[in-house]
Structures are given as C-alpha cells and as structure tokens.
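> got a sequence here, can you model it:
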Amino acid sequence: MSNWRRFRRNQRAVAGGLLVLMFVVIAVLAPLLTPYDPVRSNLPRRLEAPGREHVFGTDSLGRDMLSRILEGARISLTIGILAVALSVFIGVVFGALAGYYGKLLDSAIMRFVDLLLAFPTLYLYITLVALVGPNIGVLILIMGGLGWMGVARIVRAEVLKLRTQDYVEAARALGSGDRRIIFRHILPNALAPVIVATTLGIPGMILGESALSFLGLGVMPPYMSWGSLVNDGLPFFRRAWWLPVFPGMAIFLCVLAFNFLGDGLRDALDPRLKS
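Next up, the predicted model:
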C-alpha cells in the first residue's frame, strides 16, 4: 500500500491536513479576509458581544475580534513555521555530522544536546527574550535556535543506520566526497522522519510563542498574535468572555490540526507499517 493511500485512509490526518491548509490560506490572505481594520479603534462599539455585525464581538477599544484573530494568524503561523525551519536546518546539520563522523565529534555534539535539553525550554525563552528584547525576529531566532535538539537526534539515528548501506559504500568507492555522500545519498533517504518532526514541531512553536506573548514577552503592538490577543482579553474575561476564548480556540484548533497531520504522516511514512 502506498504512503498516499495509507494517509488518505486516516480520517483524522486528512481532517488535520484540511484544517492546516485552511489556516495557511487564512494567514496568507488575511488582509483580504478581514472585514474591518484590525488596529482601528471604535470606542462607541467597545466590548460589544458577538452578533451579526461583529461575529466574534469587539475588544476594549472597539476593534473587531474576527479581524484581529485573522490578522493574528499571520504572525502566529509565520513565527511557528520559520522557527521550525531554522530548528530543522540546525538539527539536520548537527545530526548528520554526528551520525556520519561519529566518535569524538558525535560525543561532543550529543553531550551538547543533552546539556541544552537539561534546561527548561520556556525558562530559556523568557530569559533570552528579556535580555534581548521582544520582537518577531528575536522570537524566531531564539525559538528556532533552541528547538533543534530533537531533530538532531532523529537525523543522527538515521545517518548511523544509512552510512553503512551498500549504495553509500559504492559512492565512497567511486571517490565521492563526504559532503556529496551526506547531502546526495544519505539525507534524501532520511527525510521521512524529518518531515514528521517538522510537522509536529510547528504546534510546539506556536504554543511557545503564545506563552511568551501571554506573558508580555512576545509580539508587541501594533502587531498581534493569538497569544497576545488572549493576554489582552484576559482582564475583561468576566465582562467579555469572547476576548480570550476565541483566540484560545484558534490556538487549540491549529495545534490540534498540526498534531493530527503529523501523526498521520508518521503512520503513513513508517516503514514498519508497510505491507
């Protein structure tokens, strides 16, 4: 059974993939989809409950919450995707070097990975963001720079398994250099677990950004993310429940969709499940 057929038979994975596609389309087309200006105040309409004109209600400054959530999708997904892309790049490089060369280099890289994993990730995020200052670029660099260890372990394990295969030995016998062997022969055959790790890593980055924004150390005005919208709405929860609830639901659905998609890809690409 092909990978695609196995994936299609997983209803949760297909539903997750469709939801992910929907969120990506929303993020890309947010300026065209927002019914109102997400940053323009309208004080006479402040804290208006969800209704026909404002489907998700308005915030403490009268701004349309649906427009702000759609705009926040751009920031949250951009940070999540770019941070994961950076972490995957770093993880693939270090994992490939550790797995291919082994010995002292492998030991040094893996002990460094163990050292980073020993620290609570959220505390590191908070410390570094507080030192450098919160902005979107800093969030991407810090989260991506501290999120590569799992990918490195996965790639190292795959390279250790593949470096002794016959086609690698043949390439080495034909005079191929280490760089060509790693990037042309080994890594293309180790992509399946990396793709799964990438898909499952994006919701973690989105949650990390949301946590930092909720603590006031993430996205700063006039930009907005789902986490900052939850933070802005929490003081008004008793009077206007919709302010933190709807951005929180967006985070929940997006994370759930990526997890479903990642689980489906893992099941479809796992060679142990192939008949």
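
> now stretch 186-202: buried residues?
186-187, 190, 192-194, 196-202 (16 or more other C-beta atoms under 10 Å). All C-beta atoms are positioned from the backbone trio N, CA, C, and that covers glycine.

> and the most centrally placed residue in the chain, which of the three is it?
Against the mean C-alpha coordinate of the chain, by C-alpha atoms, centre = their mean, the closest residue is I202 at 1.7 Å. Three-state call for I202 (DSSP: H, G, I helix; E, B strand; the rest coil): helix.

> quick check, it in contact with A85.
No: the criterion here is C-beta atoms under 8 Å, and I202 misses it with A85 at 9.5 Å.

> tell me the contacts of the residue lying closest to V155 once chain neighbours are set aside?
Using C-beta to C-beta, 6 or more residues apart in numbering and skipping the chain neighbours, the partner closest in space to V155 is G95 (2.9 Å). Applying C-beta atoms under 8 Å, 6 or more residues apart in numbering to G95 gives the contacts V151, A152, R153, I154, V155, R156, E158, V159.

> go again using 7 Å as the cut-off
V151, A152, R153, I154, V155, R156, V159 (C-beta atoms under 7 Å, 6 or more residues apart in numbering).

> which of those residues lies closest to L212?
When the contacts of G95 are compared for distance to L212 (C-beta to C-beta), V151 wins out at 21.2 Å.

> how many neighbours does the closest one have?
Close neighbours of V151, defined as other C-beta atoms under 10 Å, add up to 24.

> am I right that it falls within a helix?
Yes: the assignment for V151 by three-state DSSP puts it in a helix.

> buried sites along stretch 169-188?
Buried positions in stretch 169-188, judged by neighbour count with 16+ other C-beta under 10 Å: A171, I181, I182, H185, I186, L187.

> where does pLDDT dip in the chain?
Scanning the chain for pLDDT under 70 picks out the ranges 1, 270-275.

> now with 50, please.
Within the chain, the stretches with pLDDT under 50 are 274-275.

> need the longest helix for it.
Scanning the chain for the helix with the most residues, using DSSP state H, yields helix 65-101.

> restrict the helix or strand following that helix to CA atoms and write it as PDB.
Scanning forward in sequence from helix 65-101 by DSSP states H and E, the next helix or strand is helix 103-117. Taking Å, rounded to 0.1, in the frame of the first residue of the first chain, the C-alpha atoms of helix 103-117 are listed here in PDB:
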ATOM      1  CA  LYS A 103      33.500   9.100  17.600                       C
ATOM      2  CA  LEU A 104      34.700  12.400  19.300                       C
ATOM      3  CA  LEU A 105      32.500  14.700  17.200                       C
ATOM      4  CA  ASP A 106      29.400  12.600  17.800                       C
ATOM      5  CA  SER A 107      30.100  12.500  21.500                       C
ATOM      6  CA  ALA A 108      30.700  16.300  21.700                       C
ATOM      7  CA  ILE A 109      27.500  17.100  19.800                       C
ATOM      8  CA  MET A 110      25.300  14.700  21.700                       C
ATOM      9  CA  ARG A 111      26.600  15.900  25.100                       C
ATOM     10  CA  PHE A 112      25.800  19.500  24.000                       C
ATOM     11  CA  VAL A 113      22.300  18.300  23.000                       C
ATOM     12  CA  ASP A 114      21.900  16.700  26.400                       C
ATOM     13  CA  LEU A 115      23.100  19.900  28.100                       C
ATOM     14  CA  LEU A 116      20.500  22.000  26.300                       C
ATOM     15  CA  LEU A 117      17.700  19.500  27.000                       C
END
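
> contacts only, for M65.
By C-beta under 7 Å, 6+ apart, the neighbours of M65 are H54, F56, G57, T58, D59, W242, L243, F246.

> apply 6 Å and report the result again.
M65 makes contacts with F56, G57, D59, F246, as judged by C-beta atoms under 6 Å, 6 or more residues apart in numbering.

> so where does the last one fall, helix or strand?
This points to F246. helix 242-269.

> ok, P134 next?
For P134, there is no helix or strand it lies in under DSSP H and E.

> quick check: closest non-adjacent residue to it.
What sits nearest to P134 in space, not counting adjacent residues and going by C-beta to C-beta, 6+ apart, is L217, at 5.1 Å.

> wait, the one you found sits on L128?
No: counting by C-beta atoms under 6 Å, L217 does not reach L128; the two are 9.7 Å apart.

> cool, thanks, signing off.
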